[in-house]
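K.L.:
Take a look and give me a structure for this.
(2 chains)
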Amino acid sequence: MSAPALQRHTATQESAWVRWSLIGLALVFMGLFLVLPLAAVFTEALRKGWDAYWEALKEPDAWSAIRLTLLTAAVAVPLNLVFGVAAAWAIAKYEFRGKAFLTTLVDLPFSVSPVVAGLVYVLVFGAQGWLGPWLDSHGIKIVFAVPGIILATVFVTFPFIARELIPLMQAQGNEEEQAAIVLGASGWQTFWHVTLPNIKWGLIYGVILCNARAMGEFGAVSVVSGHIRGQTNTMPLHVEILYNEYQSAAAFAVASLLALLALVTLAIKTWVEWRHERELRAAAEMPPERPLAAAPSSTGA
Amino acid sequence: MSAPKRVLPGFHLTLGYALLYLSLVVLIPLSALAFKTFTLTWPQFWEAVTAPRVLASYRLTFGASLIAALVNVFFGLLVAWVLVRYSFPGKKIVDALVDLPFALPTAVAGISLTALLAGNGWIGQHLEPLGIQLAFNPNGVVIALIFIGLPFVVRTVQPVLEDTEKELEEAAMCLGATRWQTFAKVILPTIAPALLTGFAMAFARAIGEYGSVIFIAGNMPMVSEITPLIIIGKLEQYDIAGATAVASVMLIISFMLLLVINGLQAWQRRKS
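P.N.:
Numbers count the residues shown, from 1 in each chain, chains lettered A, B, ... in the order given. Next up, the predicted model:
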């Protein structure tokens, strides 16, 4: 990302006029499509002043939506974290048949519409679904209740951590782990003391993206939630209800918390990239030869 | 990875756990959709997926997704180009901001874009006197999908653009090419696979998108109703069979797009 030295590369540099027009056009586009919506969230949230803002957040239904969102993320993220590490270990460290296919399957939830993701859980656990009658006779409620919300969230955030770790661990190879094993370390020791320090930035990166999506998921959760105020409403669903009831300021107040979450996520993400880059450079690993495995392509379709 | 294969422990444990979890969370629920679809009779299925209102929703969903993905190819390339090639104040912040659509919950994006573009919004109030309406019609759908898809193009093109060899451009220059010719004949072919991949990803994401669209679309049947909303509508009327039929069409299209994207990525790796 280093800027080319301006004078030296005049042959492959556009004229200043072209350069600044392109920069200007890009900035106008980004301003209109990204900055303005972000600014609008906070402006609309504070339209009726700080008092109304706090009132909207202190309201019991808003508060229970916040708690449910936190609970959902607190269950979904660790589940996908354990899966992500296990899948990345199996895929990156070994050769086996069907590996490419398995890697594709890991990405599958990204290409399924969130609404379809919610629907499949209704088909499994709903009243007319596979397990519906059995669950009903045992008094267990999954769909239109909290477990369904968590399951749908687990589905849509399924690939985040795995797809961050797989290329990273593949790029790092097996040599360090093999050395540790040969020197007498156990499998767990090797993982904790050799692998984990090597993948920690990719891990943090995956976790914060997974968390952001888990807290912000709307479509899938909307299908399985049942929209019971104070019980099965996550923050994004609460935003929808308030908005549809024309309580715009209150809707934007709750939305502003989610927007803050997004900003914090971006800040941590940028910080992780910066730390990772610095570590790589400190390790003097010929920076241009080794693209940052953790950096881009994080959230594919 | 040509080293002796299974020196490291944990192969069966990790692979077994990954497969079990994958099956429980993803594969079995998705197969429920297939099984449910097969319980429908053919006329039932056909009627559900080809009703005029459903056909109109396909046209809107695919049309708007296509337009949005094309807009994103153009502006995504522009943003990636500016971020890789030039330096300007605030570049780091702009770079970080590109990922905002990944991080911002879609419902928040939806109500915020609506607030901006509605007749009394910051932008809408200046456009309405001119007779331009961007919210509560298909235009709004396209705008929401542009927002959602932008990072896919930028983040796939950016690393490839960083890796392009300056020497090729210098050679083109020495051979008398103009800067534009160099871009069109040397740079563009190099980044074409990445650009196409980004396009396909943005398109695939746009087709399934729900949260950001429903607030701004207006959701008028036959006019501005997207396919995921049709599924929700059928579910709310307890028409689970109909919802399943439409969902299975969407799922098949998603699978095909996933295959296309995988193919494009393989092409990209071969090229680089």
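
K.L.:
ok and the residue in the stretch 51-200 of chain B nearest chain A?
P.N.:
Proximity of the stretch 51-200 of chain B to chain A (CB to the nearest CB) peaks at residue B:105, 2.8 Å away. Placement of C-beta: from N, CA and C, glycine included.

K.L.:
Got phi/psi on that residue?
P.N.:
Main-chain torsions, residue B:105, degrees, to the nearest 10: phi -50, psi 140.

K.L.:
my read: it touches residue A:221, true?
P.N.:
No - judged on CB atoms under 8 Å, residue B:105 makes no contact with residue A:221 at a distance of 10.5 Å.

K.L.:
Who has more neighbours out of those two?
P.N.:
When residue B:105 is set against residue A:221 and neighbours are counted by other CB atoms under 10 Å in any protein chain shown, the residue ahead is residue A:221, at 31 against 26.

K.L.:
can you pull the contacts of the more buried one?
P.N.:
Counting by CB atoms under 8 Å, 6 or more residues apart in numbering or on different chains, residue A:221 makes contact with A:72, A:118, A:149, A:152, A:153, A:234, A:236, A:237.

K.L.:
Can you give me the first-to-last residue distance of stretch B:91-105?
P.N.:
Distance between the boundary residues of stretch B:91-105 (CA to CA, to the nearest Å) amounts to 24 Å.

K.L.:
Measure how buried the closest residue to chain B within the stretch 51-200 of chain A is and give me the count.
P.N.:
When CB to the nearest CB is the measure, the stretch 51-200 of chain A has its nearest residue to chain B at residue A:113, with 2.9 Å between them. When counting by other CB under 10 Å, one arrives at 27 neighbours for residue A:113.

K.L.:
Nearest residue to it in space, ignoring adjacent ones along the chain?
P.N.:
Once flanking residues are discounted, residue A:113 sits nearest to residue B:208: 2.9 Å by CB to CB, 6 or more residues apart in numbering or on different chains.

K.L.:
quick revisit: give the residues shared as contacts by residue B:105 and residue A:221.
P.N.:
residue A:236.

K.L.:
ok, so what distance separates residue B:50 from residue A:268?
P.N.:
47 Å (CB to CB, to the nearest Å).

K.L.:
neighbour-wise, which of those two wins?
P.N.:
Using other CB under 10 Å, the more surrounded residue of residue B:50 and residue A:268 is residue A:268, with 18 against 12.

K.L.:
element containing the more buried one?
P.N.:
helix A:248-282 (DSSP states H and E).

K.L.:
other SSEs contacting that helix?
P.N.:
Using 3 or more CB pairs under 8 Å, 6 or more residues apart in numbering or on different chains; DSSP states H and E as the contact definition, the elements that helix A:248-282 packs against are helix A:36-45, helix A:49-58, helix A:60-93, helix A:196-216, helix A:235-244, helix B:91-97, helix B:100-103, helix B:106-117.

K.L.:
Could you work out which of those reaches nearest to residue B:235?
P.N.:
With CB to CB as the criterion, residue B:235 lies closest to helix A:235-244 of the helices and strands packed on helix A:248-282, at 15.3 Å.
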